[in-house]
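**Q** task: produce atomic coordinates for the following.
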Amino acid sequence: MLLRLRGGEPLKKLKFNELLQSSNHPAAFNDKLLNALAEIVKKYNITSILDRFAGIGKIGLLRHRVDNRKLFIVGIEIEKPWAYYAVNLLDEVYWGDSNKINKSKHNIFNKRFDAEIT
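**A** Next up is the predicted model:
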């Protein structure tokens, strides 16, 4: 089961730097990796990304590294606290186990993504 999360939770009120510093997520993208991904996004003109293990949504920081071009980024995260952080950085966030999704029942998979980055 997937549940789409929306903004408006208390975490939404955190300032951007406070958000990143307060999460303590064990596997957040580091700057070196984000810079390398940004080069790939630019080279292949990627405009939509699916992150099936979104964590705190740090993949959303790619926007600032690709000349603020329009990127549509969707994340799926199994851990509810991390998913609520991701709401601040991604266009859509779904809470659930991406490994157990019945793809025929969720319209998220009817969308076309240029890349799946996780």
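**Q** got the buried residues for stretch 80-87?
**A** W82, A83, Y84, Y85, A86, V87 (16 or more other C-beta atoms under 10 Å). To be clear about C-beta, it is placed using only N, CA and C from the backbone, and glycine gets the same treatment.
**Q** so what's the model's average confidence on that stretch?
**A** Mean pLDDT, computed over stretch 80-87, is 86.
**Q** about what we covered before: need the buried residues of stretch 80-87 in CSV (columns: secondary structure and distance to V93).
**A** Putting the buried residues of stretch 80-87 into CSV (DSSP: H, G, I helix; E, B strand; the rest coil; distance: C-beta to C-beta, whole Å) gives the following:
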residue, secondary structure, distance to V93
W82, helix, 10
A83, helix, 5
Y84, helix, 8
Y85, helix, 9
A86, helix, 5
V87, coil, 5
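**Q** which one of the residues you listed is nearest to K111?
**A** Nearest to K111 among these: A86, at 17.2 Å, using C-beta to C-beta.
**Q** ok now do that closest one, which residues does it touch?
**A** L5, A54, G55, I56, G57, G60, G75, E77, V93 (C-beta atoms under 8 Å, 6 or more residues apart in numbering).
**Q** now do L71
**A** Counted by C-beta under 8 Å, 6+ apart, L71 has contacts V41, I46, T47, S48, I49, L62, R63.
**Q** could you find the lowest-pLDDT member of the residues you listed?
**A** For these, the pLDDT minimum is R63, 87.
**Q** mind listing residues that contact the helix or strand containing that one?
**A** Assigned by DSSP states H and E, R63 belongs to helix 62-65. The contact list for helix 62-65, computed with C-beta under 8 Å, 6+ apart, reads L34, N35, L37, A38, V41, I49, R69, L71, I73.
**Q** pLDDT-wise, what's the bottom of these?
**A** Lowest confidence among those: R69, with 70.
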